[in-house]
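**Q** Attaching a predicted model along with its sequence, questions to come.
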Amino acid sequence: MKRALALILTMGAWLVPTTAQAATKLEGSAWTGAMLAAVMSLLIAACLFMALRIFSFLKGGEMASAWQIMAVSFVILVIAEVISLIGSLQVANVSPNTVALIRLIGVATVMVGVSRIKRVLS
């Protein structure tokens, strides 16, 4: 637990811009946003991997469909973060409303998966 907390604090300190970046294409806030989106994409990808591992262990039981929904929700959240990263790096003009809508769909799908898990366990 202490190791994870130290890693989170180190990443947070690393994302804070310490110097002004003049005459660069990416400004400090854009760089910070891009790094944050990249870290979130990696964390969500790790959650996706774990959900798929749990799904493979269940072998078609009652909870398999719930974990399959959870895996789909993590895929949706990864897509949202990649689109956010594309917008932060100014590769394409992406509306923040589009990213927020995709994140909302992803979180709603997580909620459906959790409710199915709760229904099976109760």
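**A** Nice, thanks for sending it over.
**Q** And the strand or helix carrying Gly106, what does it pack against?
**A** Using DSSP states H and E, Gly106 sits in helix 96-121. Helix 96-121 sits against helix 64-88, with contacts defined as 3 or more CB pairs under 8 Å, 6 or more residues apart in numbering; DSSP states H and E. Placement of C-beta: from N, CA and C, glycine included.
**Q** and stretch 46-66, how far from the chain's centre?
**A** 18 Å (CA atoms, centre = their mean, to the nearest Å).
**Q** now stretch 71-83
**A** Between the mean C-alpha position of stretch 71-83 and that of its chain there is a distance of 6 Å (CA atoms, centre = their mean).
**Q** same deal with stretch 68-79?
**A** The offset between the C-alpha centroid of stretch 68-79 and the centroid of the whole chain comes to 9 Å, using CA atoms, centre = their mean.
**Q** Quick check: buried residues in stretch 31-43?
**A** Using 16 or more other CB atoms under 10 Å as the test for burial, stretch 31-43 gives 31-41.
**Q** meant to ask about stretch 107-117
**A** 109-110, 113, 116-117.
**Q** How about stretch 88-97?
**A** If you call a residue buried by 16+ other CB under 10 Å, then stretch 88-97 has these buried ones: 88-89, 94.
**Q** Tell me where this protein is predicted with low confidence.
**A** Low-confidence segments of the chain, defined by pLDDT under 70, span residues 1-2, 4-30.
**Q** In it, which residue is most central in space?
**A** Closest to where the C-alpha atoms of the chain average out (CA atoms, centre = their mean) is Ile44, at 3.8 Å.
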